[in-house]
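S.K.: What follows is a predicted protein model with its sequence.
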Amino acid sequence: MDGLLGACQSTLKQTHHSSSSSTTFRPPSAMETMLYINLYATLILIPCSYYAGQFQHGMSMLFPSTDTIANTEAEHTSKLLLQLNLSASLGQVFIFLTIHHFSPLTCTTVTTTRKFFTILLSVYKFGHVLDVWQWCSVGL
């Protein structure tokens, strides 16, 4: 997917000149791109989650009712979800800024390298065992 989306993002970043007039179309900023993608995803995913029966469950996790016995646990879950969403949003901002100021290829390289080192850190920190083929993959 990165190859297909990277090419589309590179095309979108270019300034276009209209052939019928002297109008120049500027490329969207990183924040505009992020806004439009998130709006589109919201328009698609809210009806899909409602149809799948997951919307009500998600809302009950975000906004727990006050009459439940396990209200403190539900509030704790809501705070954890808020922290997760804030950190994911911050990460998304950095991804879009990297695409905007550099290129989609640079963003793909950075995220792949980060994932690679996350795997190595997980192997080291949690004592995961890799077999010979997995270490060959790491070496590639």
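M.R.: Cool, the structure landed. Numbering: from 1, shown residues only.
S.K.: Residue 81 touches residue 61, doesn't it?
M.R.: Yes - between residue 81 and residue 61 there is a contact at 6.5 Å, judged by C-beta atoms under 8 Å. Yep, even glycine has a C-beta here, placed from its N, CA and C like the rest.
S.K.: can you map out the helices along the protein?
M.R.: Along the chain, counting by DSSP state H, helices occupy 2-13, 30-52, 55-62, 71-101, 104-126, 132-139.
S.K.: Between those helices, which has the poorest mean confidence score?
M.R.: Comparing mean pLDDT across the helices of the chain, the weakest is helix 2-13, with a mean of 66.
S.K.: and residue 131, how many residues sit next to it?
M.R.: Residues within reach of residue 131, counting by other C-beta atoms under 10 Å, total 7.
S.K.: give the contact list for it.
M.R.: Counting by C-beta atoms under 8 Å, 6 or more residues apart in numbering, residue 131 touches no other residue.
S.K.: ok, and the closest non-adjacent residue to the most centrally placed residue in the chain?
M.R.: With distances taken as C-alpha atoms, centre = their mean, the residue of the chain nearest its centroid is residue 92 (5.3 Å). Of all residues not flanking residue 92 in the chain, residue 34 sits nearest, at 6.4 Å (C-beta to C-beta, 6 or more residues apart in numbering).
S.K.: Also residue 110?
M.R.: Here the residue nearest residue 110, using C-beta to C-beta, 6+ apart, is residue 98, at 6.3 Å.
S.K.: what's the spacing between the one you found and residue 109?
M.R.: 10 Å (C-beta to C-beta, to the nearest Å).
S.K.: Residue 125 now?
M.R.: Residue 125 is 24 Å from residue 109, by C-beta to C-beta.
S.K.: what about those two, which has more around it?
M.R.: Just comparing residue 125 and residue 109: by other C-beta under 10 Å the higher neighbour count belongs to residue 109, 14 against 8.
S.K.: Surely residue 99 and residue 30 touch.
M.R.: Yes - under the criterion of C-beta under 8 Å, residue 99 makes contact with residue 30 at 6.8 Å.
S.K.: more neighbours, those two?
M.R.: Between residue 99 and residue 30, counted using other C-beta under 10 Å, residue 99 has the larger neighbour count: 23 against 18.
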